[in-house]
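Novice: Any chance you could fold what I've pasted below:
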Amino acid sequence: MKKRVIVLGAGIGGIAAAYELKENLGDTAEISVLSDTEWFHFVPSNPWVAIKWREPKDIKISLPDTLPRFGISFSAAGAKRVLPDENVIECGDGSRMEYDYLVVATGPALAFDEIEGFGPEKNSHSICHVDHAAKLSTRWEQFCAEPGPMVVGAVQGASCFGPAYEYAFLANADLRKRKVRDKVAITFVTSEPYIGHLGLGGVGDTKGLLEGLLRDRDIKFITNARIDKVGPDMVTVSEMNEAGEVKTVHELPSRLNMMIPAFKGVSCFFDEVGKHIEGLVNPRGFLLVDKQQRNPKYPNVFAVGVCVAIPPFEKTPVPVGVPKTGYMIESMVTASVQNIKAMISGVEPKQEATWNAICLADFGDDGVAFVAMPQIPPRNVNWAGHGRWVHLAKVAFEKYFLHKVRKGTSEPGYERIVLNMLGVNKLR
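Specialist: Residues are numbered from 1 along each chain as shown. Okay, the predicted model is just below:
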């Protein structure tokens, strides 16, 4: 009998997992993808959507029209509840899906509710989802017609800092193109203990590099920042000292806000009263995994990407999380697929993900790239670079990954090509 493998989630990690599973397991398994949307969208392009350098349709692909062509079943019913003791997922439409193996690639839920006045339904915007970015793009046009001060950054508990820097620099670039940059005061607020920390203790000289670029582009910044309240025309920020005590309270006038929220686990890992599934996820709702990407209590459950629980790198005055970049996610996927293949064959799984990090952050006409191998110090490779080539590489990365999704291929990710181009693999 064929094994039933469900991939829960259809983002970068979920799609990569589905294609690699199909390629490695072939006709020995039934591969299904369960998502809460019919669309794949390339999340790294959301900052471009937010300033109308892309349209949502440019970075979206219909999954019902794509996955079945490659022998992968698809449902957009979403997961209401995961029942790991029964190997069952209760779907949003009332149906149930049974599995032999489950790969969780849901990404996060966005914790807008943790700050007063925060979120796209209230007084701030987001680029974590294409729909949020599209809503921001409409507001962006209005803002540029009537410019004023703006606040950009990442709040307490955030673990995804690259896109915050991207949006600040892209907004700067677009405002200059429109000849209204002189009418906009941009303040970058971040929970990081210093600019360029990135949740990783910095990579190479990201501190000096990003600080210099912010100063060069007339962008003021506040670090160790805790967002207390977001109003329609004011952001209240407490700047903390090294002991985690309030140092200064800033009242920042703002006509437009974009701040990356903290993440938490999606609702299907909690019961009706909000209790998490003990042993499967931590209290925040992130998946617990071992070195083989599988859950210690439920060894037929694997997890990849942002939904994986990774403890903070270090204690900071304001909480910051650890990011999961595309290269790390790809490594998690490959390890998970190889270990599922081994388990189906009756072999003890031994494949481990590398958990290296590579990031391409586009700033409009140039950008910053960093490579951290491994992600957490001390590292074998600890490098950051700046130049126009980063902008070009990010554009190429977008085209490459969308091509992969459309063609159903699990060929190596673009990050590996970038590493080879930089000669980084030769340094390992």
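
Novice: mind giving me the domain ranges of this structure?
Specialist: What automatic domain parsing lists as the domains of the chain is 3-110+266-354, 112-263.

Novice: can you give me the helices for the protein?
Specialist: 12-25, 46-50, 130-145, 162-177, 206-216, 326-344, 388-407, 414-422 (DSSP state H).

Novice: Just put those in JSON lines and tack on distance to Val152.
Specialist: C-betas here are computed from N, CA, C, even on glycine. JSON lines is the format used below for the helices of the chain (distance: least, Cβ to Cβ, whole Å):
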{"stretch": "helix 12-25", "distance to Val152": "24"}
{"stretch": "helix 46-50", "distance to Val152": "11"}
{"stretch": "helix 130-145", "distance to Val152": "11"}
{"stretch": "helix 162-177", "distance to Val152": "4"}
{"stretch": "helix 206-216", "distance to Val152": "11"}
{"stretch": "helix 326-344", "distance to Val152": "22"}
{"stretch": "helix 388-407", "distance to Val152": "19"}
{"stretch": "helix 414-422", "distance to Val152": "26"}
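
Novice: CSV please, covering those helices and showing distance to Gly119, mean neighbour count and mean pLDDT.
Specialist: Shown next, in CSV, are the helices of the chain (distance: least, Cβ to Cβ, whole Å; neighbours: other Cβ atoms under 10 Å; pLDDT from 0 to 100):
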stretch, distance to Gly119, mean neighbour count, mean pLDDT
helix 12-25, 23, 24, 96
helix 46-50, 15, 27, 98
helix 130-145, 9, 18, 98
helix 162-177, 15, 23, 98
helix 206-216, 25, 18, 98
helix 326-344, 25, 24, 95
helix 388-407, 27, 17, 92
helix 414-422, 31, 18, 59
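
Novice: Would you mind putting the domains of the chain into CSV with distance to Met373 alongside?
Specialist: Shown next, in CSV, are those (distance: least, Cβ to Cβ, whole Å):
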stretch, distance to Met373
domain 3-110+266-354, 8
domain 112-263, 10
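
Novice: Quick check: Phe118 touching Val155?
Specialist: Yes: if you go by Cβ atoms under 8 Å, Phe118 and Val155 touch, sitting 7.3 Å apart.

Novice: Now list whatever residues contact both of the two.
Specialist: 227, 259, 261 (Cβ atoms under 8 Å, 6 or more residues apart in numbering).

Novice: Compare Phe118 and Val155 (neighbour count), which wins?
Specialist: Each of Phe118 and Val155 has its neighbours counted (other Cβ atoms under 10 Å); Val155 has more, 27 against 24.

Novice: Tell me who's in contact with the closest residue to the more buried one other than its chain neighbours.
Specialist: The shortest distance from Val155 to any non-neighbouring residue, by Cβ to Cβ, 6 or more residues apart in numbering, is to Ile227 (4.6 Å). Residues near Ile227 by Cβ under 8 Å, 6+ apart: 115, 118, 155-156, 189, 235-237, 259.

Novice: And Lys394, by the same measure?
Specialist: Here Lys394 is in contact with 44, 360-362, 367 (criterion: Cβ under 8 Å, 6+ apart).

Novice: Okay, and the beta partners of the residue nearest to Val155?
Specialist: Val237 (DSSP bridges).

Novice: and the gap between it and Val180?
Specialist: As judged by Cβ to Cβ, to the nearest Å, Ile227 and Val180 stand 26 Å apart.

Novice: and if you look at Ile376?
Specialist: Counting by Cβ to Cβ - Ile376 and Val180 are separated by 41 Å.

Novice: Could you do Asn224 as well?
Specialist: According to Cβ to Cβ, Asn224 stands 31 Å off from Val180.

Novice: pLDDT-wise, which helix or strand of this protein ranks last?
Specialist: Here the helix or strand of the chain ranked lowest by mean pLDDT, DSSP states H and E is helix 414-422, holding a mean of 59.

Novice: for stretch 363-373, which positions count as buried?
Specialist: 363-364, 366-373 (16 or more other Cβ atoms under 10 Å).

Novice: so can I have TSV of those residues showing pLDDT and distance to Ile72?
Specialist: Shown next, in TSV, are the buried residues of stretch 363-373 (pLDDT from 0 to 100; distance: Cβ to Cβ, whole Å):
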residue	pLDDT	distance to Ile72
Phe363	97	36
Gly364	95	37
Asp366	95	38
Gly367	96	34
Val368	96	36
Ala369	93	32
Phe370	92	34
Val371	91	32
Ala372	93	33
Met373	90	32
